[in-house]
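**Q** Here you go, sequence then predicted model.
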Amino acid sequence: MTPTFASLSLAHLRTLDCLLQLKNLSHAAERLGCSQSALSRQLASLREAFGDPLLIRQGRSYVLSEHAETLVEPLRQVLDELIALRQPAAFDPARCERRFCLAASDYVAEHMLPLLVSALEREAPGVSLEYRTWQAGQYALLASGEIDLATTLFDESPPNLHGRLLGEDHAVALMCHDHPLTARSTLSQDDYLAYKHVRVSGGGDKDSFIDRHLRSQGLQRRVSLEVPFFSAMVQVLGNGQALATVPEHIACQLARLHGLAWRPLGFVQHTQRYWVVWHQRLQASAEHRWLRNRVYELWRQSQFGVHGGHASLP
């Protein structure tokens, strides 16, 4: 350990974090409230402390050195943990004035978000929300801080994520109420492949296991439409004979609310797991802990969640 490294302060670490995130000296100086020349001197000290160039000029911009790339996540975690040390032991949601970004499907937005907003108005009126449609594999947005919390489907947790299991489910085929396949109690593979399919991309990976199963036999389904929203899918199914593969708890609710029908898939077995997930950099945050616990509790209590109860076959 060099003397320069040993003398690094919290301010130095914040400066380094800002530089690594923005990769731009003028933008970093503006955010930190200092001159660009002062920031250049700090960068020189940081380079000496780490024995590495950290930021390397490339044309009019900078790129991170290989070592700097490895510092991004550990540095963010250290800063978050240091911030957590000064947070009060007793968190009062009524005094919280933080803005959170949540991501999930439009199904969650329609049926679960109003419950959360109502709870926040009662318990944490200073909290504000931004809601985004979650797409499968957007975990980098959790790491970068663009999204604070997401609900999604996955089989194995990606690295650096924490989460709580909301429930388990199985996929079914959703269809119009007078679809020819409603005569079946369970769909065979031939039944399933005989019709076109609508795929919902928003909210996580709901059906790629079907495509993997079919590819192993040299087969594929006919996906005639892919949309990010359940609401659009419902309208298309109600006006035609296409199928949509969705979790059973969602199929139950959409069938009840929109006069649709659903049938189990008899040719493939796959357990779907619903999670509420966040990046490990927020694990120690009292504010975030309170929010994710409320989301978890409301989901578990709601009739629209995985544990809201399954209807009988329509």
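**A** That came in fine, so what should we check first?
**Q** Pull out the buried positions in the one helix or strand residue 129 maps to.
**A** Using DSSP states H and E, residue 129 sits within strand 128-133. Neighbour counts over strand 128-133 (16 or more other CB atoms under 10 Å) mark 131, 132, 133 as buried. Using the backbone N, CA and C atoms, a C-beta is placed for each residue, glycine as well.
**Q** what does stretch 20-40 give?
**A** For stretch 20-40, by 16+ other CB under 10 Å, it's 20, 21, 22, 23, 24, 25, 28, 29, 32, 39.
**Q** what's the answer for stretch 241-260, then?
**A** Within stretch 241-260, the residues that qualify as buried are 242-255, 258, 260, counting by 16+ other CB under 10 Å.
**Q** ok so, going back, what helices or strands is the strand holding residue 129 leaning on?
**A** Helices and strands touching strand 128-133, by 3 or more CB pairs under 8 Å, 6 or more residues apart in numbering; DSSP states H and E, are strand 99-104, helix 106-111, helix 113-123.
**Q** looking at those, which has the lowest confidence?
**A** When those are ranked by mean pLDDT, helix 106-111 comes last with a mean of 89.
**Q** Grab the nearest non-local neighbour of residue 26.
**A** residue 36 (5.6 Å; CB to CB, 6 or more residues apart in numbering).
**Q** List the contacts of the one you found.
**A** Residue 36 sits next to 25, 26, 29 when contact means CB atoms under 8 Å, 6 or more residues apart in numbering.
**Q** before we move on, back to that, going by distance to residue 12, which of the buried residues of stretch 241-260 wins?
**A** Closest approach between the buried residues of stretch 241-260 and residue 12, by CB to CB: residue 247, at 48.1 Å.
**Q** Phi, psi for the residue lying closest to the closest one once chain neighbours are set aside please.
**A** Nearest non-adjacent residue to residue 247, counting by CB to CB, 6+ apart: residue 169, 4.3 Å away. In terms of degrees, to the nearest 10, the main-chain angles of residue 169 are phi -160, psi 180.
**Q** okay, the buried residues of strand 128-133 in JSON lines with distance to residue 227 and pLDDT next?
**A** Output for the buried residues of strand 128-133, formatted as JSON lines (distance: CB to CB, whole Å; pLDDT from 0 to 100):
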{"residue": "131", "distance to residue 227": "18", "pLDDT": "94"}
{"residue": "132", "distance to residue 227": "16", "pLDDT": "94"}
{"residue": "133", "distance to residue 227": "11", "pLDDT": "91"}
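**Q** closest one to residue 264 among the helices and strands packed on strand 128-133?
**A** helix 106-111 (19.8 Å).
**Q** Regarding residue 291, what is its secondary structure?
**A** helix (DSSP: H, G, I helix; E, B strand; the rest coil).
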